[in-house]
Structures are given as C-alpha cells and as structure tokens.
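*Asks:* Whatever this is, show me its structure:
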Amino acid sequence: MGSLVERVLVADGYVVSRACDGKDGLRQALAGYWGLIILDLIMPEMSGSEMLARLRRDRPDQPVLILSCLSDVITKVDCLDLGAQDYLTKPFQLAELLARVRVRLRDDHPIQDGHPKDEVIQVGELSLDVGRLQADVGFGPVPLTRLEFLFLRILMDHAGQAVPKNQLLASVWGLDFDPGSNVVDVCVRRLRSKLGFDLIKTVRGSGYQLAS
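*Replies:* Numbering: from 1, shown residues only. Purely as a prediction, here's the structure:
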C-alpha cells in the first residue's frame, strides 16, 4: 500500500520519501521540512499514534494525514486531538486521497517540497522563489511548473557539479530506471526557453549542470 501511494503521489508531481516502520518515519520526519506526512497507525517498531504524539511535541506545526484501516470514532478523535489535520480510512479511492493532499498543500501552507515557502534559493544570478514557484535570472520572475521547479532545485543543490540523468529521473520524476523517454531533455528545453539557453549546460557523458 505504501508503494502504491508513493507511486501515485510521484506521478502527480510530488516529491515523496517513504518509511516502512515508525522509528524510521519519525527520524525522517524530524530530519527535514515536509509539506505533509501521510501516516499509518499500525506499524512495526513504533505505532502511528506514538509517532504522532512525538511529532506534536517536537514538530507541532507539521501537517499529518492519517491513512488507516481503523475506522472507529474513538481512534479518529484521539488522532485529531493529537494534532492530525485529516483522517482517511481504508479502503479508499486514490482520487480522494489526492484531493485531500491538495487541500493540505494549498498556498497558505508554510512548507513546499521540503523548503519553507518564504524561502528564496539563490545560486549566482539565478534565484528560485519556493512559495511562488518562480525563477529569476535578472530579468524578472518567470513562472515554473512543479517539475521544472524541482529540476532547477536539484541542479541548484548540486551547483558546480554535473547531475546524472538517472539521478534527475529519480529525484524529480521518482523513477529508478530510464523508461526510454526523453522527459529530462524536454524539461531542459523548456527551462532554456524560459530562462535562457546558457543557464543549463549539457555535460557530455555526465548529465546536466548549472552554468557558472
């Protein structure tokens, strides 16, 4: 189920990290900033309820959506009292899950794709506005799609280095293999058309790199 949810979210353009037990989930949750945590209640190592209580203590602003087979009212109320923002019971429709995720990640939320929404990432002349999904190379803000934003963010996180195509596929599209398509090349062409051909350099045999 976790693998299915991960694939669906990635296909919808989100960056996803998955944990298979409560301890690893809590470790990942406290290690970064997350737009939303989708949390099961019945997990090995640490229950979802215990993890939720720890999150409320250590990261009280972290949004959490419970996704559980437990459907009794007492469990739902307890989780909402512990700080969960939403509760969806199994079995569920994937379309409803995606709709609830979109509600929790609306523009009034302070975190997007692992960065505070008021953050502006700067590398050389390129700036990336996290909240507005805009890039600026000195000629005014340019709107980006979510995938274009993620692609640029990866290159900026590795400024001065060539990022291999397989790493871009994994980080931006959530693919651990090359599907034989040219999605990376298409994204590069679109970004070059929006921000200038010289912004992204092709490093033959190595991948793509921000021009210095």
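*Asks:* for the chain, where's the lowest mean pLDDT among helices and strands?
*Replies:* strand 111-112 (a mean of 48; mean pLDDT, DSSP states H and E).
*Asks:* Now do the contacts for Leu210.
*Replies:* 123-124, 126, 155-156, 159-160, 199-201 (Cβ atoms under 8 Å, 6 or more residues apart in numbering). For glycine as for every other residue, the C-beta is placed from the backbone atoms N, C-alpha and C.
*Asks:* okay, the residue lying farthest from the centre of the chain: pLDDT?
*Replies:* Taking Cα atoms, centre = their mean, the residue of the chain most remote from its mean C-alpha position is Ile74, at 31.3 Å. Per-residue pLDDT puts Ile74 at 88.
*Asks:* A helix includes it, no?
*Replies:* Yes. Ile74: assigned to a helix according to DSSP: H, G, I helix; E, B strand; the rest coil.
*Asks:* Tell me how far it lies from Arg57.
*Replies:* Counting by Cβ to Cβ, to the nearest Å, the separation of Ile74 from Arg57 is 22 Å.
*Asks:* Let me see the domain layout of this protein.
*Replies:* The record's domain parsing of the chain by automatic domain parsing lists 2-112, 118-210.
*Asks:* chain center to the last one: distance?
*Replies:* Taking the mean C-alpha point of domain 118-210 and that of its whole chain, the gap between them comes to 15 Å (Cα atoms, centre = their mean, to the nearest Å).
*Asks:* ditto for the longest one
*Replies:* Distance of domain 2-112 from its chain centroid, counting by Cα atoms, centre = their mean, is 13 Å.
*Asks:* Show me the strands in the chain, by range?
*Replies:* In the chain, the segments counted as strands under DSSP state E are 37-39, 64-68, 86-89, 111-112, 115-116, 120-123, 126-129, 134-136, 142-143, 200-203, 207-210.
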